[in-house]
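1. when you get a sec, could you give me coordinates for this:
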Amino acid sequence: MVKNIAVIGAGPGGYVAAIRGAQLGANIYLIENGEVGGTCLNRGCIPTKTFFRNAEIMRTLRQSQEFGITVEGFSLDGRALQDRKKTIVDQLVKGIEQLIGSYKNIEFIPGRASIKDNKTVTIELKDGSTREIDVDNIVIATGSKPTMTETKGVDLEGVITSDDLLDMEEIPETLIVIGGGVIGLEFASIYQELGSQVILLASRILKNIDMEIARRLPMFFRKQGMEAYVEIRAKEIVKEGDKLKVTARYKDKDEEIEVIGNKVLIASGRGPVVDGLNLDKLGIAHDHSGIKVDEDYQTTVEGIYAIGDVNDLGIQLAHVASAQGVYVMEKIMGLTPDINLDIYPNCVFTLPEVAYVGMTEEDLREQNIEHNISKFFFAANGKALSLGEGEGFIKVYSSKEDNKILGVMILGPHANDLIHEGALAISNEMDVNSITRTIHAHPTLSESFMEAVHGLDNRAIHIAPPRRRRRRRKR
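-> Numbering: from 1, shown residues only. Sure, this is the predicted structure:
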């Protein structure tokens with residue numbers, strides 16, 4: 001018997017789930033009230049990365065004399081920046097629409113979905129009419145939206161979200177960024193290079209990150225020209241003429257600061273999109289963190305699943321949403337999914353880039369796991385120096401018991417591409433020898449990962465041996 005499955009939301013979780021379900025022979029109803037591709041493609045990952053590339057180019061132009069090139073009088077055209085973003089987004093959206101359309105057993109339905117029961121979905125179509133569909137299973141993939149803090153003054157003109165900033169043609173003269181998560185740090189770093197004077201107010205730097213990177217990253221930001229304040233919380237935003245003044249207080253000391261800017265970006269996080277789904281009436285448990293799910297991403301109502309940003313697992317990453325979508329569809333269709341959803345790379349597109357996977361040094365200490373640590377600096381890598389990006393390092397941890405790779409942290413050039421070797425190693429429980437027996441090409445940035453792993457058992461060629469402490473002579 002062919003299964004009929006409704007997927008609510010066509011973002012990176014929903015459309016991937018729909019395609020996997022179609023591949024397995026199900027009839028899929030893919031329902032989307034907004035744009036195909038969801039937040040990631042239209043207002044998140046992809047638009048941000050187009051801006052990131054502009055920021056990289058602006059930085060390179062400022063550093064051009066290092067390469068023997070003199071460049072004068074360059075400037076950024078905000079309209080051209082927006083046009084390029086739109087062109088890339090439109091190309092990708094059309095590609096996904098064509099991909100969905102290539103499956104005869106996927107019906108794409110533009111409209112707003114409401115769940116009547118675990119076998120019925122009601123859809124308010126774009127023309128105002130209503131349609132009801134009967135299904136065997138329902139997958140909720142409605143994603144997330146920006147949330148505002150409880151800081152006084154967030155409703156003032158000029159206080160914006162990431163969605164607002166991505167649509168602005170102007171580059172603010174001074175941009176105050178409130179929030180030290182991925183969104184806040186990326187926009188702070190990008191807009192500093194695009195031409196804003198950025199003031200970062202962060203209560204902490206990233207979540208679940210190695211503390212060495214959390215300490216070092218603000219130093220790189222300040223070197224970039226940014227004003228970066230850490231361990232601080234914004235208290236109030238007020239109008240100061242045609243500008244905005246933010247008062248912030250340090251968390252661990254009785255001290256306040258005041259900063260003034262043209263715009264204030266609230267980057268304090270994102271919340272689940274659940275409005276109109278009828279969750280309370282159905283008895284689907286949820287709160288501000290998202291829809292409650294079990295180990296198979298099933299909600300408290302049998303047959304209804306929630307994947308991606310909308311569930312309560314707190315992993316707001318497009319690639320994790322896609323993996324959950326594949327897992328759920330394979331589970332529904334009677335397969336035994338073999339996907340490691342415990343290990344996933346975290347990528348932060350700041351300048352320099354940050355990426356990490358697996359356990360941090362703090363995790364290892366808290367769990368009393370005996371481990372080895374090795375660190376390789378990009379300053380000793382020929383490719384990094386030739387790129388003019390010799391700052392940062394790769395840090396690797398392994399278990400002393402069985403020599404397996406447990407965690408990888410990268411701060412530096414192309415960290416978000418390099419991290420996948422670490423993710424592959426950890427998810428497949430590879431040990432140090434599995435990496436060291438693999439010859440890495442020269443000159444490449446990947447050599448840095450190889451050198452860091454070699455350092456776990458003191459075989460690294462380009463890491464100086466640790467200095468032995470001299471024993472004091474007894475007198």
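2. OK, contacts around the nearest residue to V36 once chain neighbours are set aside?
-> Across the structure, with C-beta to C-beta, 6 or more residues apart in numbering as the measure, the residue nearest V36 apart from its sequence neighbours is A10 (4.8 Å). Every residue, glycine included, has its C-beta placed from N, CA and C. Contact partners of A10, counting by C-beta atoms under 8 Å, 6 or more residues apart in numbering, are A18, L30, I31, E32, E35, V36, G37, G38, I96, I100, F108, A141.
3. just give me the closest of those to L206.
-> Checking the contacts of A10 against L206 by C-beta to C-beta gives G38 as the nearest, at 23.1 Å.
4. how far does stretch 161-180 sit from its chain's centre?
-> Averaged C-alpha coordinates place stretch 161-180 at 18 Å from its chain's average position (C-alpha atoms, centre = their mean, to the nearest Å).
5. what's the answer for stretch 270-288, then?
-> The chain centre lies 23 Å from the centre of stretch 270-288; the measure is C-alpha atoms, centre = their mean.
6. end-to-end on that stretch?
-> 10 Å (C-alpha to C-alpha, to the nearest Å).
7. buried residues in it?
-> Applying a neighbour-count criterion of 16 or more other C-beta atoms under 10 Å, the buried positions in stretch 270-288 are R270, G271, P272, V273, V274, L277, L279, L282, I284, H286.
8. tell me which residues are up against it.
-> Judged by C-beta under 8 Å, 6+ apart, the contacts made with stretch 270-288 from elsewhere in the structure are 8, 112-118, 140, 142-147, 183, 289-292, 299-301, 304, 309-312, 316.
9. PyMOL command to pick out the buried ones of the residues you listed?
-> Typed into PyMOL, the line below selects the buried ones among the contacts of stretch 270-288, using 16+ other C-beta under 10 Å:
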select buried, resi 8+112+113+114+115+118+140+142+143+144+146+183+290+291+292+299+301+304+309+310+311+312+316
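10. in strands, which of the contacts of stretch 270-288 appear?
-> For those, the ones inside strands are 8, 112-117, 140, 144-146, 290-291, 304, with DSSP state E as the criterion.
11. of all the residues you listed, which comes closest to D163?
-> For D163, the closest of the ones in strands among the contacts of stretch 270-288 turns out to be P146, at 6.1 Å, with distances computed as C-beta to C-beta.
12. restricting to C-alpha, output the longest helix belonging to the chain in CSV.
-> The helix that spans the most residues within the chain, counting by DSSP state H, is helix 78-101. As requested, C-alpha coordinates have been extracted for helix 78-101 and formatted as CSV (Å, rounded to 0.1, in the frame of the first residue of the first chain):
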residue,chain,number,x,y,z
GLY,A,78,24.6,48.6,-1.9
ARG,A,79,22.1,48.1,-4.8
ALA,A,80,24.5,45.9,-6.7
LEU,A,81,25.1,43.8,-3.5
GLN,A,82,21.3,43.3,-3.2
ASP,A,83,21.0,42.5,-6.9
ARG,A,84,23.7,39.8,-6.7
LYS,A,85,22.1,38.3,-3.6
LYS,A,86,18.7,38.2,-5.4
THR,A,87,20.2,36.6,-8.5
ILE,A,88,21.9,33.8,-6.5
VAL,A,89,18.8,33.2,-4.4
ASP,A,90,16.5,33.1,-7.4
GLN,A,91,18.7,30.7,-9.3
LEU,A,92,18.8,28.3,-6.3
VAL,A,93,15.0,28.6,-5.7
LYS,A,94,14.2,27.8,-9.3
GLY,A,95,16.6,24.9,-9.2
ILE,A,96,14.8,23.4,-6.2
GLU,A,97,11.4,24.1,-7.7
GLN,A,98,12.5,22.2,-10.9
LEU,A,99,13.9,19.4,-8.7
ILE,A,100,10.7,19.0,-6.8
GLY,A,101,8.7,19.1,-10.1
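13. gap between it and the chain center?
-> Averaging C-alpha positions (C-alpha atoms, centre = their mean) puts helix 78-101 20 Å from its chain's average.
14. centre of the chain to the host helix or strand of A423, how far?
-> In the assignment (DSSP states H and E), A423 maps to helix 415-427. The gap between the average C-alpha position of helix 415-427 and the chain average comes to 15 Å, counting by C-alpha atoms, centre = their mean.
15. same check on stretch 274-294?
-> The gap between the average C-alpha position of stretch 274-294 and the chain average comes to 24 Å, counting by C-alpha atoms, centre = their mean.
16. so what would you say the end-to-end distance of that stretch is?
-> By C-alpha to C-alpha, the extent of stretch 274-294 from end to end equals 18 Å.
17. okay, and for the stretch 351-475 of the chain, where does confidence drop off?
-> Along the stretch 351-475 of the chain, segments meeting pLDDT under 70 span 468-475.
18. the same query, at a cut-off of 90, please.
-> Applying pLDDT under 90 to the stretch 351-475 of the chain flags the ranges 464-475.
19. which residue ranges of it form strands?
-> With strands called from DSSP state E, counting those that start in this stretch, the stretch 351-475 of the chain shows them at 353-358, 371-377, 393-399, 405-412.
20. just send those strands back as JSON lines, with mean neighbour count too.
-> Compiled in JSON lines, the strands of the stretch 351-475 of the chain are given as follows (neighbours: other C-beta atoms under 10 Å):
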{"stretch": "strand 353-358", "mean neighbour count": "25"}
{"stretch": "strand 371-377", "mean neighbour count": "18"}
{"stretch": "strand 393-399", "mean neighbour count": "24"}
{"stretch": "strand 405-412", "mean neighbour count": "26"}
